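Asks: Just need the structure, nothing else, for what follows:
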Amino acid sequence: MATRKIIAPSNVWDSRPKLYYAQAMSVDQTIYISGQTAWDESERLVGPGDIEAQTRMALEDIRRILEADGARMSDIVKMIFFTKDIRFLRRGELFAKVLKEFFGPITPPCTGVQIGNLWNPDFMIEIEAYAVKNARSRRLIAPPNVWDSRPKLYYAQAMNVDDTIYVSGQTAWNEKRKLVGSGDIEAQARMSLEDIRRLLDADGAKMSDIVKMTFFTKDIRLLRRGEVFAKVLKEFFGPVTPPCTAVQIANLWNPDFLIEIEAIAVKNARSRKIVAPPNVWDSRPNVYYAQAVNVDGTIYWSGQTALDEKERLVGLGDIEVQTRQSLENVRRLLESEGKKMSDVVKMIFFTKDIRYLRRGELFAKVLNEFFGPITPPCTGVQILNLWNPDFIIEIEGIAK
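Replies: Down below sits the predicted model:
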């Protein structure tokens with residue numbers, strides 16, 4: 001049984017009394033950290049209107065959380081930067097300066113996207129992270145046929161930590177830093193997946209080792225054109241794509257990028273199976289991806305929405321009902337593998353209406369139904385759109 005504990009240091013504000021979720025959780029040697037923002041330990045905003053100061057504060061909170069569990073920033077294996085102002089990430093020197101303060105010359109794998117809004121309207125950036133302490137092995141993956149982001153942008157494209165490979169968001173840049181598929185999202189999706197394949201190949205892994213992907217796109221229509229999207233996925237994964245989540249965001253680091261794909265893969269897994277209980281609709285026949293996989297006892301699930309087992313929408317226009325149905329689908333997936341909601345270690349809530357998360361009592365009421373007094377680490381961001389235009393919320397995550 002996994003050893004798990006909530007991390008709540010006194011120098012990081014405690015979200016549990018009001019918002020009912022844990023800032024971080026340590027499960028065996030992995031630490032899952034909720035999205036961190038520019039609030040100090042007294043719940044005061046640091047750096048109003050100043051994204052550099054807010055980024056520094058968010059990373060400082062991550063450092064404090066890790067240190068409270070005996071870990072360091074160098075133990076981080078993956079981050080996502082959700083920002084309301086992508087220009088900060090585009091100003092590479094300024095962004096790299098802040099990263100270097102916390103990570104030295106090489107930042108671990110990360111993905112940066114511009115979303116619509118954050119829980120607090122004054123927040124400009126939110127950063128979530130995974131860390132692994134006391135790892136037996138850790139190495140960067142930098143093959144010559146994938147462009148190397150380290151010399152200028154200071155982050156690693158991929159990292160293998162104890163046979164789990166964390167891949168930064170991949171885009172349509174080839175090894176020469178030239179854009180492939182200008183204006184063509186199908187070509188860009190193919191190039192992004194090809195880079196993921198090259199990174200995995202360089203470490204002796206395969207696309208079939210992938211356990212989770214997130215597609216951040218500026219044009220959700222590709223994903224809605226199921227046949228076209230499925231054709232691209234089939235080229236890389238065969239008949240069944242691993243769990244994935246697809247959301248439309250406002251912008252990417254390069255204004256010409258239309259899609260960015262991040263991934264986690266597990267090499268040399270002892271066991272691996274698709275999770276497809278009859279009381280959760282099966283996405284594979286038409287949409288070609290698995291709702292969840294169980295790899296060595298860890299369950300990675302695709303973004304869950306308000307579709308019931310018959311693929312009917314529950315709660316049209318009602319985000320509370322849609323959230324409840326999404327979490328119910330998560331529960332059914334976990335129960336089919338003998339797990340409980342208390343085994344969840346990390347979630348992201350992608351919503352088209354951030355006001356729901358801002359109405360803390362209403363959101364907390366639904367969370368309490370599924371998790372009791374403390375929800376595991378989670379991040380909530382407002383995106384522009386989801387695969388189905390009637391979806392208001394989608395929830396992805398991991399249970400262990």
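
Asks: Wasn't Gly380 part of a strand?
Replies: Yes - the assignment for Gly380 by DSSP: H, G, I helix; E, B strand; the rest coil puts it in a strand.

Asks: My guess is it contacts Ser34. True?
Replies: No - contact criterion Cβ atoms under 8 Å: Gly380 and Ser34 do not qualify, at 9.2 Å. C-beta here means a position set from N, CA and C on the backbone, and glycine is covered the same way.

Asks: between those two, who's got more neighbours?
Replies: Between Gly380 and Ser34, Ser34 has the larger neighbour count (other Cβ atoms under 10 Å), namely 28 against 24.

Asks: any idea which element that one lies in?
Replies: Per DSSP states H and E, Ser34 falls inside strand 30-36.

Asks: do the same with Gln188
Replies: Using DSSP H and E, Gln188 sits within helix 185-202.

Asks: Identify all contacting residues around that helix.
Replies: Here helix 185-202 makes contact (Cβ atoms under 8 Å, 6 or more residues apart in numbering) with 141-143, 145-146, 157-158, 165, 167, 170-174, 180-181, 206-207, 209-210, 215, 217, 219, 221-222, 228-229, 232, 235-236, 257-261, 263, 265.

Asks: any idea how far that helix is from the chain center?
Replies: Distance of helix 185-202 from the chain centroid (Cα atoms, centre = their mean, to the nearest Å) equals 18 Å.

Asks: cool, stretch 151-158 as well?
Replies: 19 Å.

Asks: how about the helices in the protein?
Replies: 16-19, 51-68, 87-90, 92-103, 150-153, 185-202, 221-224, 226-237, 284-287, 319-335, 355-358, 360-371 (DSSP state H).

Asks: got the contact list for the third one?
Replies: Pointing back at helix 87-90 there. Against helix 87-90 from outside (Cβ under 8 Å, 6+ apart): Ile51, Glu52, Thr55, Phe81, Thr83, Leu94, Phe95, Gly112, Met124, Ile125, Trp253, Asn254.

Asks: please redo it, this time with the cut-off set to 7 Å
Replies: Ile51, Glu52, Phe81, Thr83, Leu94, Phe95, Gly112, Trp253 (Cβ atoms under 7 Å, 6 or more residues apart in numbering).

Asks: Equivalent analysis for the fifth one, please.
Replies: Contacting residues not belonging to helix 150-153 are listed as Gly92, Ala96, Ile106, Ala156 [Cβ under 7 Å, 6+ apart].

Asks: For the first one, list the residues it contacts.
Replies: Residues counted as contacts of Gly92 (Cβ under 7 Å, 6+ apart) are Lys152, Leu153.

Asks: before we move on, what about Ser326?
Replies: Going by Cβ under 7 Å, 6+ apart, Ser326 touches Gln304, Thr305, Ala306, Ile393, Glu394, Ile395.

Asks: before we move on, what about Val247?
Replies: Contacts of Val247 by Cβ under 7 Å, 6+ apart are Phe216, Phe350, Ile383, Leu386, Glu394.

Asks: Throw those into JSON lines and include pLDDT, thanks.
Replies: What follows is these, written out as JSON lines (pLDDT from 0 to 100):
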{"residue": "Phe216", "pLDDT": "97"}
{"residue": "Phe350", "pLDDT": "97"}
{"residue": "Ile383", "pLDDT": "97"}
{"residue": "Leu386", "pLDDT": "95"}
{"residue": "Glu394", "pLDDT": "97"}
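
Asks: got JSON lines for these, with distance to Ile319 too?
Replies: Below are the contacts of Val247 laid out as JSON lines (distance: Cβ to Cβ, whole Å):
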{"residue": "Phe216", "distance to Ile319": "21"}
{"residue": "Phe350", "distance to Ile319": "12"}
{"residue": "Ile383", "distance to Ile319": "13"}
{"residue": "Leu386", "distance to Ile319": "12"}
{"residue": "Glu394", "distance to Ile319": "11"}
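
Asks: which of the contacts of helix 185-202 are buried?
Replies: 141-143, 146, 157-158, 165, 167, 170-173, 180-181, 207, 209-210, 215, 217, 222, 229, 232, 236, 257-261, 263, 265 (16 or more other Cβ atoms under 10 Å).

Asks: Give me the neighbour count for Ala68.
Replies: Neighbours of Ala68 (other Cβ under 10 Å): 18.

Asks: how close does it get to Phe229?
Replies: From Ala68 across to Phe229, the span is 42 Å (Cβ to Cβ, to the nearest Å).

Asks: thinking again about what came up before, nearest to Gly315 among the contacts of helix 87-90?
Replies: Within those, the smallest distance to Gly315 is 29.8 Å, found for Thr83 (Cβ to Cβ).

Asks: which ones are touching the closest one?
Replies: Ile51, Leu89, Gly112, Gln114, Met124, Ile125 are the contacts of Thr83 under Cβ under 7 Å, 6+ apart.
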